[in-house]
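Visitor: Sequence and predicted structure are below.
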Amino acid sequence: MVDKPFDFYRAVSEELDPERLQRKFLSALLDLQNVERGSIWVRSEKGYTCIEAVGAQSESIKSMTVGFGQSSIVGWVIENGKMTVAEAGKDARHFWQAERNIDIKSRLILCFPLFLTNGEVYGAVQIIDTGGVGSKLNLDRSYLDLLQQLIDIGSIALSNSLVFSRQAQENLKLRQTLEAIGDRDLMVGGSGALLAVRKRAAEYARTDFPVLITGESGSGKELLAREIHRLSGRSSGPFLAQNCSCIPDTLLESELFGYEKGAFTGALKTKPGLFESANEGTVFLDEIGDMPLQLQARILRVIQEGEIKPIGNARTKKVDVRIISATNRDLQSEISRENFREDLFYRLNVLPLRVPALRERPEDIPLLLDHFLSREALRLSTGRKRFSADALEFLLEYEWPGNVRELENFVKHIIVITPAEVVAREDLSHHFIRTAPCRVEQQKAARVDAAGGENGAGDSIFDGCSWEELERRYVFHLLEKNRWNITRAAREAGVNRSTFDSRMKKLNIRK
């Protein structure tokens, strides 16, 4: 007996993890009383909950809650703050239902209160004798007093561990929330145009009908699709996106519909497709206007019948998904050129939504700059930079042909290459490479004309632009228009692909 109290102190003082401490604490008490069954209970919102149990079939007791209105030994001890000894089956306080699924029943129960440092009782520990003949429990008064002293010490360690664990979990949730806020892409802006779009998106979120989002590249179509999903009844389900223009046709089909093992060379195992994986959620099909015609018919069946057929499988599968699609193409024109199915267009365009280009909502530019500066400072754990007045004026004049995506990438670039806290006007030339001033001058000239001012030969829109700058701007225009498809851009320029590619290299233009 001399060494057992020391073993108990060591058991409860060397452990910080609450779950391991609970088990060590309880096991040490059972060892002191030479029994095999016990449990720890704490006061909860609905009653008294078992947070730890040791012994045969103890899993049926752990996490059980005894209501406040139900008679129980642990409830009596917690409410009265006194130790008690009870004979199971004969004591009216015994909650016999707890042992309904346990083969070997309790015979004698020794229960101690668990105290906080301020004397408040927060729980109770039960030490249970299941012996059929005689009693294993030492009920000598002096021994019980010693046991209570040991339990008082252990209960404080246990309560501190629970508080520490709870605080650690709260801190983790807070950190995850802050990280989510820092990582989450938001539709930032207070312009009337953007607010109208977000209002309409919230209205669309109340339904399951297909949504077709149109707008220029980089304007935030996927962000709007995510917003609709987040506000919808499917928010607890997955949101899966697929760009229909960036992968080959055959691979796109397998990505969307999945395939069976052995369906083709390299299909070593069955793989579910996007539609199956997004069941009860939302599928976002970006650049739907670039989807091959043969796949468009299969998408039509998904919308009409809610069915998919994986490659290599003769049977169809039912799926429950909402489809949100997006494009920067004019699908009506694509229909007239027989590049897009008219019946699919009307199926997708049930709820149309157009995202305004950034140049249509210039009042949002300062808000977006502020948002991206703050977000990147948080991510990089650095001080937040700001723009000088003339730098901000320049950025407000710039047309942002790449929309919000271009502005976001600009902020990432400028905060890395600018050591000073304030980004000056001259710092911007490192990013815009002398092309933006030409565009700004054109816009200023256009405003002068619109205002009825003079615009003589000295105020030409070509002033300040070199031949190389004009060529660079033209190449950028074609690439953006054709989503950086060099073959299409070269075709529109009327030159061979190799010629167009060599001009890109000479102008140092890369995606």
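Guide: Nice, I can see it.
Visitor: Let me see the mean pLDDT of stretch 39-55.
Guide: Average pLDDT, stretch 39-55: 91.
Visitor: Contacts only, for the closest residue in space to residue 400 that isn't next to it in sequence.
Guide: Nearest residue to residue 400, sequence neighbours excluded (Cβ to Cβ, 6 or more residues apart in numbering): residue 358, at 4.6 Å. To be clear about C-beta, it is placed using only N, CA and C from the backbone, and glycine gets the same treatment. Neighbouring residues of residue 358 by Cβ atoms under 8 Å, 6 or more residues apart in numbering: 219, 364, 365, 368, 400, 403, 404, 407.
Visitor: From residue 193, how far off is residue 358?
Guide: The spacing between residue 358 and residue 193, counted by Cβ to Cβ, to the nearest Å, is 10 Å.
Visitor: now the helices: where do they sit in the stretch 51-200 of the chain?
Guide: Secondary structure of the stretch 51-200 of the chain (DSSP state H, counting those that start in this stretch): helices at 73-80, 141-183, 192-204.
Visitor: Compare those and say which comes out lowest on pLDDT.
Guide: With a mean of 70, helix 141-183 has the lowest mean pLDDT of the helices of the stretch 51-200 of the chain.
Visitor: Low-confidence regions, this protein specifically.
Guide: 1-17, 132-134, 162, 164-186, 433-465, 511 (pLDDT under 70).
Visitor: Give me the domain ranges for it.
Guide: Here the domain parsing of the chain from automatic domain parsing is 3-167, 192-356, 360-506.
Visitor: got CSV for those, with mean neighbour count too?
Guide: As requested, the domains of the chain are exported to CSV (neighbours: other Cβ atoms under 10 Å):
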stretch, mean neighbour count
domain 3-167, 17
domain 192-356, 17
domain 360-506, 15
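Visitor: Could you work out the end-to-end span of stretch 242-258 for me?
Guide: 13 Å (Cα to Cα, to the nearest Å).
Visitor: For that stretch, which outside residues touch it?
Guide: With contact meaning Cβ under 8 Å, 6+ apart, stretch 242-258 is reached by 270-276, 283-288, 290-292, 294-295, 298-299, 308-311, 483.
Visitor: How far does that stretch sit from its chain's centre?
Guide: Centroid separation between stretch 242-258 and its chain, computed with Cα atoms, centre = their mean, to the nearest Å, is 24 Å.
Visitor: Stretch 488-498 too?
Guide: Relative to the chain's own centre, stretch 488-498 is displaced by 41 Å; criterion: Cα atoms, centre = their mean.
Visitor: Quick check: end-to-end length of that stretch?
Guide: With Cα to Cα applied, stretch 488-498 spans 12 Å between its terminal residues.
Visitor: neighbouring contacts of it?
Guide: Identification of contacts with stretch 488-498 by Cβ under 8 Å, 6+ apart yields 474, 475, 478, 479, 481, 482, 486, 487, 499, 500, 501.
Visitor: Spatially, which two of these are the most separated?
Guide: Largest separation among the contacts of stretch 488-498 by Cβ to Cβ: 481 and 499, giving 18.1 Å.
Visitor: which residues of the stretch 201-350 of the chain fall in strands?
Guide: In the stretch 201-350 of the chain, the strands defined using DSSP state E, counting those that start in this stretch lie at 211-214, 239-243, 258-259, 271-272, 281-286, 307-308, 317-318, 321-327.
Visitor: With distance to residue 467 added, can I get the ones you listed in a markdown table?
Guide: Shown next, in a markdown table, are these (distance: least, Cβ to Cβ, whole Å):
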| stretch | distance to residue 467 |
| --- | --- |
| strand 211-214 | 35 |
| strand 239-243 | 36 |
| strand 258-259 | 52 |
| strand 271-272 | 52 |
| strand 281-286 | 36 |
| strand 307-308 | 54 |
| strand 317-318 | 59 |
| strand 321-327 | 35 |
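Visitor: out of these, nearest to residue 74?
Guide: Among the strands of the stretch 201-350 of the chain, strand 281-286 sits nearest to residue 74 (Cβ to Cβ), with 43.9 Å.
Visitor: Touching that closest one from outside, list them.
Guide: Under the contact criterion Cβ under 8 Å, 6+ apart, strand 281-286 has outside partners 221-222, 225-226, 228-229, 232, 234, 237-245, 274-275, 291, 299, 321-326.
Visitor: mind running it again at 7 Å?
Guide: Contacts with strand 281-286, where a contact means Cβ atoms under 7 Å, 6 or more residues apart in numbering, come from 221-222, 225, 229, 234, 237-244, 274-275, 321-326.
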